[in-house]
Every structure is written in structure tokens, then in C-alpha cells.
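Asks: I would like to see how this sequence folds:
(one chain, ligands or ions: 1)
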Amino acid sequence: MPATSANKPKYRRIVLKISGEALRNDATGESIDSSVLDRLAEELRSLQKIGTQVAVIVGGGNIFRGLAGARANGTDRTTGDNMGMLATVINGLALMDRLEKAGLECRVMTAIPMDRIAEPFIQRRATRHLERGRIVIFVAGTGNPYCTTDYASALRANEIGADAILKATKVDGVYDKDPMKHKDAKRYDRVSHAEALQKRLGVMDAEAFSLCEANKLPIIVLSMSEKGAVKKAVLGQRIGTLVA
Ligand code: UDP
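Replies: Numbers count the residues shown, from 1 in each chain. Okay, the predicted model is just below:
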């Protein structure tokens, strides 16, 4: 598709972070909602059409979180985090399967070696895949415990020279207080890194956020359930909250 002002991406290469929770079907209790994967495939297709290179990072919170496991049943934190990272592999493979069935070319790259299942993450190889128009799915977070997939997003985004991180969650942006608990919560359209930090807006965990701030990486927080939201964000249209 030729680039016109209407479909010219503002961001040439992005990291799309999808929280594990965004994959869950709350109504049925299924960890991975098939219809979310289908929608995601269509969103990603629309990004490919406008020529944006996409690396996806999936969380694992719909299946397991190390800290929660430690609190709930005393699972050793490192073991729990390893379990959490494996949960992201399960989600990533589910996404890979769906993207391929939708006719989209993709590669799964893992931070924890498991060469029968996925390629190892090698920065140069990842950028090569992206340049060739493949969607790259990064799984197993950073490969280290005591980290999150938000941190992995910030890290990988810097490593592959992404222009922005799109953080897709169940909430449609960054609010001054929890919109689930407070009816008068106000959503920000745009906020600077410094203001988000100062007001403790909780865009990402502190380590992930500071990596983005230090490298002036824009973050767009948007809702997974809003059709077309990802493309709008990539085109630079107003959607969710822009942290820049
Ligand atoms: N995790 C980890 N290191 C990483 C990324 C993830 O140990 O680099 C573990 C951690 O236990 C985390 C879980 O994997 O709780 C799932 O990731 P996350 O909580 O970031 O998923 P999300 O909240 O996005 O669904």
C-alpha cells in the first residue's frame, strides 16, 4: 500500500507489549481467549500494511506470576519467576500459531534457550527479521527472575532501536487514580516521563519506566479491546495515553 499522509506511520518500528491479563477471557475463565488472538492478528496485519515493523512481547500474568505464587503458596521467588517466564512462552506460542493461521509471517525468539521451540534472542537476527517484514514475538521476558515483561519491553525496545512501546492492557490509558475503583478518575491524553514519575502514575514498574525515560522512549498505553487502537497509535493519532 503506498504511503499517504493518512496511512504514513509515525513510528517505523515498535514494541507492542500485551499483558497476560489482556489475553484472558474473564467471562469463561479461559487463560487465553481465542477471539483476542484473532483480533490481535487483524491489528498486526493492519500494521504490516502500513509498513510498521512490529515486535510483540507477551506477559504471563494470565497464567502465573512469580510474586503472586510466592505470596499465595510460598513458591520460591526465583522458581516462581521461572514459571512466570514459561507462562509467557505459552502465550507467545499461542499467538504465533494464530498469526501463522492468519497468514502472517512471524518468528518466536526466546530469552531462555529452548531450541526445539523457539529461536534464541539475538539482537541482530531480530532486527533482520523485522527488516524482512516478519512479526517477532519475544518470549521468556528478559530470561532473568526479579524482572517483568514490562522491563523486557523496555530492554528489547532499546536493543532493537524501536521508536515507541505500545502497552496494550485492559485499561484504555493512564489515569490519575485507579479507574476501576474511582468513578471520577481522570485519564491523561499526554503526560511527560518526568510528570508520570513525579505523580507515580504507574505506567510501568519503576525499573522499566526509568529505562524508557533515560532513553526518551515514548510509551503509548491503550486498550486491547478497542478495535484499531494500535494502528491509530502507530499513525500518531490521539488514542489512550502518550507518555513522551
Ligand atoms: N518474569 C520474570 N522475568 C522477566 C519477565 C517475567 O521473572 O524478565 C516472570 C515474573 O514472575 C512475572 C511473570 O514472569 O510475574 C509474568 O510476567 P508479567 O508479570 O510481566 O506479565 P504481565 O503482567 O504482563 O501479564
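Asks: and the strands in the chain, which stretches?
Replies: Assignment of strands within the chain using DSSP state E yields the ranges 13-18, 53-58, 106-110, 119-120, 135-139, 164-169, 174-175, 187-188, 190-191, 219-223, 241-243.
Asks: the nearest residue to Arg24 once chain neighbours are set aside and the ligand: what is the separation?
Replies: In space, and not counting its chain neighbours, Arg24 is closest to Asn62: 4.2 Å by CB to CB, 6 or more residues apart in numbering. For every residue, glycine as well, the C-beta is placed using N, CA and C. Relative to the ligand, Asn62 is positioned 6 Å away (CB to the nearest ligand atom, to the nearest Å).
Asks: what sits up against the helix or strand bottoming out on mean pLDDT in the chain?
Replies: The least trusted helix or strand in the chain, going by mean pLDDT, DSSP states H and E, turns out to be helix 66-73, with a mean of 91. With contacts defined as CB atoms under 8 Å, 6 or more residues apart in numbering, helix 66-73 is touched by 75-84, 145.
Asks: so which of those is the closest to Ile220?
Replies: Gly84 (24.7 Å; CB to CB).
Asks: OK, contacts around Ala126?
Replies: 55, 109, 136, 138, 156, 159-160.
Asks: err, Ile220, not the other one
Replies: 164-167, 233, 239-243.
Asks: could you flag which of the residues you listed are buried?
Replies: Burial by neighbour count, judged by 16 or more other CB atoms under 10 Å, picks out 164-167, 233, 239-243 from these.
Asks: straight-line length of stretch 226-239, end to end?
Replies: Start-to-end span of stretch 226-239 (CA to CA, to the nearest Å) is 10 Å.
Asks: can you check stretch 131-149 too?
Replies: Start-to-end, stretch 131-149 (CA to CA) is 23 Å.
Asks: close enough to count as contact, Ile112 and Gly143?
Replies: Yes - using CB atoms under 8 Å, Ile112 and Gly143 qualify as a contacting pair, with a distance of 5.0 Å.
Asks: in the longest helix anywhere in the chain, what counts as buried?
Replies: Longest helix in the chain by number of residues (criterion: DSSP state H): helix 77-101. By 16+ other CB under 10 Å, the buried positions in helix 77-101 come out as 80-96, 98-99.
Asks: which strands and helices lie in contact with it?
Replies: helix 20-23, helix 34-49, strand 53-58, helix 66-73, strand 106-110, strand 135-139 (3 or more CB pairs under 8 Å, 6 or more residues apart in numbering; DSSP states H and E).
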